[in-house]
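Engineer: Okay, sequence plus prediction incoming.
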Amino acid sequence: DVATTLTAIDLGGSPLGKVGTATLAPRLAACTKLSHLGLASTRIGDAGLRLITSALLLAKGGSVASLDVSHNSIGDDGVRALVTGLKSASASAGAEAPAVGLAKLDLSWNSFGPRGGRYLAEGLKDTAVSSLSELRVSWNGLADRGARALGEALASNAALTLLDLEYNAIKDEGAKAFAK
């Protein structure tokens, strides 16, 4: 069965939408060795990200190392669903198990704002996403409030080595949060 041998799937540019994502999500749970999922520009939106999060993180125990959901009109609610899923997967793994293995997350070119930035910051502060080393959130609407929340979260997250914040309308106030 190919589902048990696949390590990477990239469907970037395929207009999956809600229906395609609803069809794909349950099948992803069967991909036991999947470490990379590329869903850039697939029109999944918030509802699709919720389905993908549930399939990959909850059903698979969080073994996906790289997730690209850039350019998908994901808003604040989608980011909240992702962070909640990461925390749930980590909690269900138990105290003795390692944290969720997501190392690279690309949320660039979506539509979340400062509230989504605060949700991400909450996740970065939690041990649930302590393995995240790359976070790409360029071309969203984080502004100063979202940047401030992320900057404060970095104080308690030693694993993050790349944070892409390009084109988020971050001004002096937001930039100061990274100087601390």
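Structural biologist: Yep, it's here. Here the structure is a predicted model, which is why all the values come from computation and not from measurement.
Engineer: Return the set of buried residues in the helix-or-strand element of the chain with minimal mean pLDDT.
Structural biologist: The helix or strand of the chain with the lowest confidence, counting by mean pLDDT, DSSP states H and E, is helix 76-93 at a mean of 85. Within helix 76-93, the residues that count as buried by 16 or more other C-beta atoms under 10 Å are 76-90. Glycine gets a C-beta too; all of them are placed from N, C-alpha and C.
Engineer: Bridged to the spatially most central residue of the chain, which residues?
Structural biologist: The chain has residue 105 as the residue nearest its centroid, 4.8 Å off, counting by C-alpha atoms, centre = their mean. Beta-bridge pairing for residue 105 (DSSP bridges): residue 67, residue 135.
Engineer: how close does it sit to residue 120?
Structural biologist: 9 Å (C-beta to C-beta, to the nearest Å).
Engineer: What segments of this structure are strands?
Structural biologist: 8-10, 36-38, 66-68, 104-106, 134-136, 162-164 (DSSP state E).
Engineer: Residue 54 and residue 180, how far apart?
Structural biologist: 36 Å.
Engineer: out of the two, which sits in the busier spot?
Structural biologist: Set side by side, residue 54 and residue 180 show unequal neighbour counts under other C-beta atoms under 10 Å, the larger going to residue 54 at 18 against 8.
Engineer: Hmm, residue 25 and the more buried one touching each other?
Structural biologist: Yes: between residue 54 and residue 25 there is a contact at 6.8 Å, judged by C-beta atoms under 8 Å.
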